[in-house]
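**Q** Pasting the sequence and the predicted coordinates here, then a few questions.
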Amino acid sequence: MFALWKKLWTGVPSSFVATLALAGGFLAFVGWDQSHWWRVKLDYSFGWIVPLFVIFVIYDRWPKILAALAACAAPASPRARHFKLWLLWLLVGGGLLLGVGFFLLGALYRAGAGTSQPGTLAITMGMIGIVLPLLFISAPESPTAAAAGFFADARVQLITHFIFPVFVWLISAPLVSALESQLNLALLRWVVSLVAFIFDLLGLPIEQQGNVLAWPRGHVGVADACSGIRSLTGCLFSGAFLAAVYLEQAWQKISLFVAAVLLAFGANLARSLFLTAWAYAYESRAIEGVVHDVAGYAVLALTIAGLLGLIPLLKRARAPRLRPTACTVDRVSNLG
């Protein structure tokens, strides 16, 4: 056990170890604060597995993190220069100041008003603003750094390995009540309107009355829980985790994340269409109980399967390359 522990931490500077320990403390505090909402709100119940997935991703990326630390300390390590360096430090310093401000605001809010959605969101945002800049600052220095671009900076490359473990907590943090209710209402109206529109296209008489869909022999009400916000948060978390574990390129990760949003919307629409069609064909009570639950679980399974199916496609795909212009050809010929 001691040999394994020593192997994991070999080559890690003591300052970076201390920063990781501090970051772990921040993450533990955020997890403890968010756990209240994981317990009382079903939309965020997936939050209980967030800490486990964060630990797994860090463990899975540990060899890459060690390689990035070695690249930071190696001779001729790439570093941003001039304006890019000033911009980099402006982002780091500004992020740290904002992070401390948000974290203190959320902590004071929690101390005065108890557990609250604004306080939890502020604490989470503050943690992100504190942890990432501290990891950047504690990266080892190089004896002879070489000039490089903004994203090629070895410290920036090191921080990219911690983006998922830090930012994923935003998904498991509840939105502020006003924003969450507005989003929930918008999704609900979108689903009901689309279902009514599709039924009209098929020539099936149906009338939209607020969140109720009525037809000659019955009606069905679309509850707030059917707005899709629960599947949206779950799909966002699943997409972020799968992108972090299986994909390497930034454009691939972004593509899978966007696909998770689209799949969540599409799957919830398909579920609402199926339940409405089942009630239309039989009766409103026919969709209660088993049919309703099975439809929800089936849609969730199909969404996850869709994300898993996209991973090999994105791995085989290549980033689009710009076609050479006449100006580029002239430059190449002049250089030759």
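**A** Everything's here; your move.
**Q** Domain map for the chain?
**A** Split into domains by automatic domain parsing, the chain comes to 11-173, 178-316.
**Q** Same list (those) but as TSV, adding mean neighbour count and mean pLDDT.
**A** Every residue, glycine included, has its C-beta placed from N, CA and C. Shown next, in TSV, are the domains of the chain (neighbours: other Cβ atoms under 10 Å; pLDDT from 0 to 100):
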stretch	mean neighbour count	mean pLDDT
domain 11-173	17	91
domain 178-316	16	80
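**Q** so Gly203 sits in a helix?
**A** No - the assignment for Gly203 is coil, going by DSSP: H, G, I helix; E, B strand; the rest coil, so no helix is present there.
**Q** now the strands for the stretch 51-200 of the chain?
**A** If you assign secondary structure with DSSP state E, counting those that start in this stretch, the strands in the stretch 51-200 of the chain sit at 78-80, 146-148.
**Q** Sheet-wise, list the partners of the first one with their directions.
**A** Looking at strand 78-80 with DSSP bridges, its paired strands and their directions are strand 146-148 (parallel).
**Q** Outside of the partner strand itself, list whatever touches it.
**A** Identification of contacts with strand 146-148 by Cβ atoms under 8 Å, 6 or more residues apart in numbering yields Ala76, Ser77, Pro78, Arg79, Ala80, Arg81, Ala154.
**Q** Pull the most distant pair out of the residues you listed.
**A** Among the contacts of strand 146-148, the pair separated by the greatest distance (Cβ to Cβ) is Ala76 and Ala80, at 14.4 Å.
**Q** how about the strands of the stretch 51-200 of the chain, which one is nearest Pro140?
**A** Evaluated with Cβ to Cβ, the strands of the stretch 51-200 of the chain place strand 78-80 nearest to Pro140, the distance being 12.1 Å.
**Q** gap between the closest one and the chain center?
**A** From the chain centre to the centre of strand 78-80 is a distance of 28 Å (Cα atoms, centre = their mean, to the nearest Å).
**Q** Name the surrounding residues that touch the host helix or strand of Ala214.
**A** In this structure, Ala214 sits in strand 212-215 according to DSSP states H and E. Defining contact as Cβ under 8 Å, 6+ apart, one finds that strand 212-215 is touched by 192, 195-196, 199, 204-208, 219-222, 276, 280.
**Q** re earlier: to Ile229, which of the strands of the stretch 51-200 of the chain lies closest?
**A** When the strands of the stretch 51-200 of the chain are compared by Cβ to Cβ, strand 78-80 sits nearest Ile229, at 39.8 Å.
**Q** what residues does the closest one touch?
**A** 71, 85, 87-88, 142, 145-150, 152-156.
**Q** ok, which stretches of the stretch 201-336 of the chain are helices?
**A** Under the criterion DSSP state H, counting those that start in this stretch, the stretch 201-336 of the chain carries helices at the ranges 229-246, 250-281, 290-316, 326-335.
**Q** export those helices to a markdown table and tack on distance to Gly47?
**A** Formatted as a markdown table, these follow (distance: least, Cβ to Cβ, whole Å):
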| stretch | distance to Gly47 |
| --- | --- |
| helix 229-246 | 9 |
| helix 250-281 | 17 |
| helix 290-316 | 16 |
| helix 326-335 | 49 |
